[in-house]
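Chemist: coordinates only, sequence not included:
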């Protein structure tokens, strides 16, 4: 069982919902990304999904595409 499955099982056993966030790595920059991940973990976020920017994210939708294009120059 991986960490996500374990956390989801724990929440299900308590009849609670997961608080899941998504962020694009590299925004506002790599140090900012690290700080945001740490702050989210300290705030009790259950799962942090970290998007890795790539050059052709069109399948991810317009918001993720715009953030990816902002991020690529920072990494």
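Modeler: Nice, thanks for sending it over. These figures come from a predicted structure and were not determined experimentally. Numbering: from 1, shown residues only.
Chemist: tell me what the longest helix along the chain is packed against?
Modeler: For the chain, the helix with the greatest residue count under DSSP state H is helix 30-43. If you count contacts as 3 or more CB pairs under 8 Å, 6 or more residues apart in numbering; DSSP states H and E, helix 30-43 packs onto strand 20-24, strand 47-51. Using the backbone N, CA and C atoms, a C-beta is placed for each residue, glycine as well.
Chemist: moving C-terminal of the last one, what's the next helix or strand?
Modeler: Reading on from strand 47-51 to the C-terminus, the next helix or strand found by DSSP states H and E is helix 62-71.
Chemist: That following helix vs strand 47-51, what angle?
Modeler: 60 degrees (axes from the mean of the first three to the mean of the last three CA atoms, to 10 degrees).
Chemist: Okay, and residue 6 sits in which element?
Modeler: helix 3-13.
Chemist: buried ones in that helix?
Modeler: Buried residues in helix 3-13, defined by neighbour count with 16 or more other CB atoms under 10 Å: residue 8.
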